[in-house]
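[1] coords please:
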Amino acid sequence: MSYRTILLTGATGKFGRIFTRHFLELGNVVVAVGRSPQGFDMLLSDSPSHEERIFFIQVDLAEETAAKMISTKLSEQNLYPDALINNARNLDYLQVEETGMVKRSNFLAEYTLDVVAPYELTMALAIARNSQLRTVVNIGSQYGSVAANLNLYENSSQSSGLHYGVAKAALEQLTRELAIRLAGRSIRVNCVAFGGVEGRVDEDFKKRYAFLCPSGRMLYENEIVGPVELLLSDKCSAITGHILAADGGWTAW
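    Predicted coordinates:
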């Protein structure tokens, strides 16, 4: 089995902690990118026996210099990622005004984090001296493929800001564009469009979601690693520019 060096953004968040723990357990090196030192401490506590294979880069991806800073830190530590998972989130950007309007600042911040930052980081790793990058997986959403079903929410104007789906749709197109433009460098770029995952919602929300989804339930946390691992695999070397729906059939009807 060949081991990877995986650069993971949003490493200290819900998905990030699951990804980090899984890839460390497989023997990989994980470069964890996040804003919170406290979050990194939690990552270490999740996998204390693997601390020699996890490296933390503290940076806010909303900053214009973030990609350059990450590249510099990687060079200083002689780390050459062959895989990148763009997974960063900031829930503060999803806030909506009482009128249902999204502030321009939140709209632009969400777009920056979902589209601009993944673009800049992917390109920085791709063109870096001694680049080893071979595969990129962007973490998307079912709402990048279809509009939000407002029947899911008790107060849709407050609970479902449209800028999230707009940014995720742009991320899907970024995936296709980068797949074409980086093919000559033998770099594959794909996206996993996840459905809703259990963990942050109450039972009433889960029941409404189950009624609207063909699988009759939300995703379990242990189901999110598989699709990403699949697209990272060398056995999927023919797959690039693909949006993999992992949504329990949500976008099938």
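[2] shaky segments in the stretch 51-200 of the chain?
    For the stretch 51-200 of the chain, no stretch is flagged by pLDDT under 70.
[3] Would you map the strands across it?
    Assigned by DSSP state E, counting those that start in this stretch, the strands in the stretch 51-200 of the chain fall at 54-58, 83-86, 135-141, 188-194.
[4] So which elements touch the first one?
    Judged by 3 or more C-beta pairs under 8 Å, 6 or more residues apart in numbering; DSSP states H and E, strand 54-58 is in contact with strand 29-34, helix 37-46, helix 66-76. For glycine as for every other residue, the C-beta is placed from the backbone atoms N, C-alpha and C.
[5] ok, the residue nearest to residue 46 when sequence neighbours are not counted - contacts?
    Leaving aside its chain neighbours, residue 46 sits nearest to residue 21 (5.1 Å; criterion: C-beta to C-beta, 6 or more residues apart in numbering). Residue 21 is in contact with 43, 46-47, counting by C-beta atoms under 8 Å, 6 or more residues apart in numbering.
[6] For the residue nearest the centre of the chain, give me its contacts.
    In the chain, the C-alpha nearest the mean C-alpha coordinate belongs to residue 87, at 2.1 Å (C-alpha atoms, centre = their mean). The contact partners of residue 87, taken as C-beta under 8 Å, 6+ apart, are 8-11, 13, 15-16, 19, 139.
[7] Sheet partners, orientation included, of the strand or helix carrying residue 244?
    Taking DSSP states H and E as the definition, residue 244 sits inside strand 243-246. Using DSSP bridges, the strands paired with strand 243-246 are strand 188-194 (parallel).
[8] just to revisit the earlier point, what's in contact with the strand holding residue 244?
    Counting by C-beta under 8 Å, 6+ apart, 140, 142, 144-145, 172, 175, 190-195, 219, 223-224, 226-227, 230-231, 251-252 sit against strand 243-246.
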